[in-house]
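Visitor: return a 3D structure for these sequence lines:
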Amino acid sequence: MLDRLVAKILRQKSYSAQSAVLTVKRLLHDAQTRIHPCILQALECKTPVVALESTIISHGMPYPHNIRTANEVEQIVRENGAVPATIGILNGRVHVGLTEEELQYLSQSKDALKVSRRDLPYALSQGACGGTTVSATMIAAHKAGIRVFVTGGIGGVHRGAEITMDVSADLTELGRTPIAVVSAGVKSILDISKTLEYLETQGICVATFGSSREFPAFFTPRSGIKAPYNVCNVEEAASLIDSSLKYGLCSGLLIAVPIPEAHAASGQVIEEAIHQAVTEARSNGIVGKDVTPYILQRVNELTQGESLKLNVSLIKNNARIGACIACALSQIQQGNKKANSDQNKMLSSLSRPVVVGGINVDFIAKSKQKTVVFSEQTTPGTVYQSFGGVGRNLADCLTRLDMNPLFISAIGMDMHSDSVLRFCSHMDMAGVARFQEHRTATYCAVISGSGELKLGLGDMEIHQQITEQYVTTFRKELCSASLICIDGNVPVSTIDFVCRLAWEHGVPVWFEPTDVDKACKPFLSDSWKSLTYTSPNIGELKAMNMSLGQRVPSEMPVLLNDVINTALMLARPLLEHLLCVVITLGPHGVLLCGRSEGGRMLIHPHRKQNPKGNVCAIHYPAITISQEEVVNVSGAGDCFAAGMIAGILSGKEMDTCVRMALFAALHSLKSNDAVSPKISPLTVTPQGNTAQCLPDVGPRWIK
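Guide: Residues are numbered from 1 along each chain as shown. A predicted model of the protein is given here:
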């Protein structure tokens, strides 16, 4: 599905392949769907992914058997070369890939719904939590682009369905959702013969796995009923799936895996208990979706727990075979029998930046007068809503520059958070946590007619929820990142943790100070020594020096040459450990401070190497823009930083990086939004800005 969608986008518009992937992600990430970054990265890199249901956790087994089984099944999938993606619903949002904490929650929840296709609208609209059945898991997996789904057994036609019309939605879902389901056949409490007839009516290809065509009966390897087809091994199964996908059939496949022969004797005992439980269910008037949980629990009681052990065994067996099928399918689709090792290389080579920081809903009040006088009178102007936050701005701009960053932040569960998610649907928001008891951060800015910020008021307590404990859940992404960008809104303890982790794994870190008060956070400990870049204005740079106990001038200079000399003096202490200090000088442009080697300034990081060479600086004048053209100054600095980061990560020369940054900042100044929608890889180049000239005065070196 993901490949076809990318191909369709590429045919319709002249996008690059990377842009097409970003467009697909906008469809996948919304207020109702969250794909874990590990799953998303695996899908992008064509690493085999196996979907797993969650009703077995929420309704199928008692605690702690359910959580233990869930963890063991995921581990089996990993050990056999695939990435597990357990699917569930939390707070009215479908989660493709669950964290350990989320699995624990579902395993102990007393209020979790059992969510099939029919239940999805209710669960999502009510903000409910629930375990997904086979049908709901198929829907979510297909939407995410996952080809193979492993479960214990699917639902089917219930015994006596000619009277009750009780037929599982799993069967109709298989008829309209193109995904391969690997199971131990249908649950043995069902009418297997009628179920196979119904599957035929729905046009579903059914094949047994192994040496026999005899359809398995869940707890026993043989039911006495022949399946239409048989595949002998994982390669044949993968070829069957690949053929169905290539031909564009809009129906699924069922791969029926018999339970290992070693468990056959126990299975016969359990079958007898099932017959007794079915009879009791009828006499007790139990119908609908309550039938299966009742019978499973009753059978477990009658067999003194033996059915539960057998259930776990067959699920593990299915997971092993399903993961191997997914790997074989991946190899076929890539046309490369060494896909496993190649995919690992792809995962490491396609590391991406991670942004950790704040997200705000901004209310911008801009005066129609060039100056703002605060008084009891109403000042004429315009008021509009925008979306900001330093971290969000950086992630937004990097996304528009095709850098595909993961954004880690926190929002509430209110009307503002819904607006944020809609506005940021083009970004990877998988790392954004939602908190019921906290408000989404809001910021009110009063701007003069000339575009200068005169007053800012913020309600940003929720940023304190970007804790070390939460960020730790993205440890893998942080350790493999091409660069980590962290802003000053993040708590000190989180900054310390990220800096320590980055240093241990040789990941460069860019610190965006946010404001004078927050600029000192990394400098309260030795964390600042792990930084590679920072981008303060001269006031924030002064605050950093004060935190380090350095002497600073009591008054800042006004003339450009004096400003440059003072900025370089303040940058020197930081350059003992940082590679580059990027100082924004407002209308005067930007000053890059670093060390020179071979007649050029070093800006590309080297793993865990302290910078060497002579301290130097390069001044770049700002691109000329009239006051009338300035609409908003709130995001210009963030866009400049993002432009620099994009250039550095793309391996550009320093001059090119700075020009990309200047053009990104220029677009921001001209836009009502903090990050202009016009920003793209083309519009941050001179070729994409023919109406806007670079400064006549070129950069100059200061030694």
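
Visitor: could you measure from residue 301 over to residue 568?
Guide: Per CB to CB, to the nearest Å, residue 301 is found 78 Å from residue 568. All C-beta spots, glycine's among them, are computed from the backbone N, C-alpha and C.

Visitor: just checking, residue 542 touches residue 555?
Guide: No: using CB atoms under 8 Å, residue 542 is not in contact with residue 555, being 10.7 Å away.

Visitor: give me the more crowded residue out of these two.
Guide: The neighbour comparison of residue 542 against residue 555 (other CB atoms under 10 Å) goes to residue 542, with 20 against 6.

Visitor: not counting its neighbours along the chain, what's nearest that one?
Guide: What sits nearest to residue 542 in space, not counting adjacent residues and going by CB to CB, 6 or more residues apart in numbering, is residue 552, at 5.1 Å.

Visitor: now for the spatially closest residue to residue 649 that is not a sequence neighbour, how many residues are close by?
Guide: Nearest residue to residue 649, sequence neighbours excluded (CB to CB, 6+ apart): residue 482, at 5.5 Å. Burial of residue 482 is recorded as 19 neighbouring residues (other CB under 10 Å).

Visitor: ramachandran angles for residue 482?
Guide: phi -70, psi -30 (degrees, to the nearest 10).

Visitor: might you report the residue contacts of it?
Guide: Going by CB atoms under 8 Å, 6 or more residues apart in numbering, residue 482 touches 351, 352, 353, 507, 649.

Visitor: before we move on, what about residue 640?
Guide: Taking CB under 8 Å, 6+ apart as the test, what residue 640 contacts is 535, 582, 584, 590, 661, 662, 664, 665.

Visitor: swap in 10 Å and give it another go.
Guide: Residues in contact with residue 640 (CB atoms under 10 Å, 6 or more residues apart in numbering) are 397, 535, 582, 584, 590, 622, 658, 660-666, 668.

Visitor: where's the spatially closest residue to residue 288 that is not a sequence neighbour relative to residue 615, distance?
Guide: Ranked by CB to CB, 6+ apart and with sequence neighbours excluded, the top spatial neighbour of residue 288 is residue 166, at 7.1 Å. Taking CB to CB as the measure, residue 166 falls 78 Å from residue 615.

Visitor: so which of the two has more stuff around it?
Guide: A side-by-side neighbour count of residue 166 and residue 615, using other CB under 10 Å, places residue 166 first with 19 against 16.

Visitor: my guess is the more buried one contacts residue 157. True?
Guide: Yes: counting by CB atoms under 10 Å, residue 157 is a contact partner of residue 166 at 7.7 Å.

Visitor: shared neighbours, residue 542 and residue 555?
Guide: In contact with both residue 542 and residue 555: residue 566, using CB under 10 Å, 6+ apart.

Visitor: report the longest helix in the chain, please.
Guide: The single longest helix within the chain, with elements called by DSSP state H, is helix 306-334.

Visitor: just give me how far it sits from the chain centre.
Guide: 26 Å (CA atoms, centre = their mean, to the nearest Å).

Visitor: same thing with stretch 77-84?
Guide: The answer for stretch 77-84 is 19 Å, by CA atoms, centre = their mean.

Visitor: quick check: buried residues in it?
Guide: Neighbour counts over stretch 77-84 (16 or more other CB atoms under 10 Å) mark 77, 80, 81, 82, 83, 84 as buried.

Visitor: cool, and stretch 434-444?
Guide: For stretch 434-444, by 16+ other CB under 10 Å, it's 434, 435, 438, 439, 440, 441, 442, 443, 444.

Visitor: that one: end-to-end distance?
Guide: End-to-end distance of stretch 434-444 (CA to CA, to the nearest Å): 22 Å.

Visitor: related to what we said a few turns ago, return the closest of the buried residues of stretch 77-84 with respect to residue 286.
Guide: Ranking these by separation from residue 286, with CB to CB as the measure, puts residue 84 on top at 32.7 Å.

Visitor: wait, is that closest one part of a strand?
Guide: Yes: using DSSP: H, G, I helix; E, B strand; the rest coil, the assignment for residue 84 is a strand.
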